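Peer 1: Okay, sequence plus prediction incoming.
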Amino acid sequence: MNSKTTGLLVIALIVAIGLGIFAFSDKTNKETPPASPKTVEVRQVTTSYKDGVYEQLGDYTSPAGAEQIDVKLTLKNGVITESEVTPKAEKPISKMKQEAFAKEYKSSVIGKNINDLQLGKIAGASLTPKGFNDALEKIKAQAKTV
């Protein structure tokens, strides 16, 4: 082995020992106090709604422009017991999507608490549910007690 190779091995050994000492050094001197438990107050907001039948137009925007859907809900103790939607779309594609939505949405609505309801894509319609959700928010405001 020549002196150049030996020198490189010595340097590599010194670096390895230094890294080992650094990695495994006693860190107990740097004790951190245990984290104090944080108190988080959770308030459940309970909204009451008057029983009854409510109807609102829901607005949304399709690629072809503004559209509406008519939503009628029956509430009993905050639970939707009946629902009906009436397509109001003007554009042919929106009309088709609203009709498909109207045939399939009820299983996602009937028996649900109005506070827990937020519809997503149904029967291939992703924008019509936005109109339904808009009408739902209007109905919540209309039916809300104090």
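Peer 2: Great, that's in hand.
Peer 1: Reduced to three states, what does the residue most central in space within the chain come out as?
Peer 2: The residue lying closest to the centre of the chain (C-alpha atoms, centre = their mean) is Gln118, at 9.2 Å. On the three-state scheme (DSSP: H, G, I helix; E, B strand; the rest coil), Gln118 is labelled coil.
Peer 1: For it, grab phi and psi.
Peer 2: phi -160, psi 100 (degrees, to the nearest 10).
Peer 1: residues contacting it?
Peer 2: Gln118 is in contact with Asn133, Leu136, counting by C-beta atoms under 8 Å, 6 or more residues apart in numbering. Every C-beta, even on glycine, is put in place using the N, C-alpha and C of the backbone.
Peer 1: Per-residue pLDDT of it, please?
Peer 2: Looking at Gln118, its pLDDT is 96.
Peer 1: and what of Ile14?
Peer 2: Note for Ile14: predicted pLDDT of 74.
Peer 1: Give me the distance between it and Asn2.
Peer 2: 19 Å (C-beta to C-beta, to the nearest Å).
Peer 1: Name the residue in the two with the higher neighbour count.
Peer 2: Ile14 (10 against 6; other C-beta atoms under 10 Å).
Peer 1: For the more buried one, identify the helix or strand it belongs to.
Peer 2: Element membership of Ile14 [criterion: DSSP states H and E] is helix 3-23.
Peer 1: swap in Glu82?
Peer 2: Per DSSP H and E: strand 79-87 holds Glu82.
Peer 1: gap between the following helix or strand past that strand and the chain center?
Peer 2: Remark: after strand 79-87, the chain's next helix or strand is helix 92-104, criterion DSSP H and E. With C-alpha atoms, centre = their mean, to the nearest Å as the basis, helix 92-104 stands 24 Å off its chain's centre.
Peer 1: buried ones in helix 92-104?
Peer 2: Ser94, Lys97, Gln98, Ala100, Phe101, Ala102 (16 or more other C-beta atoms under 10 Å).
Peer 1: Of the residues you listed, which is the nearest to Glu137?
Peer 2: Using C-beta to C-beta, Phe101 comes nearest to Glu137 of these, at 17.4 Å.
Peer 1: Now do the same contact list for that closest one.
Peer 2: Applying C-beta under 8 Å, 6+ apart, the residues contacting Phe101 are Ile69, Val85, Ile122, Ala123, Ala125, Thr128, Pro129, Phe132.
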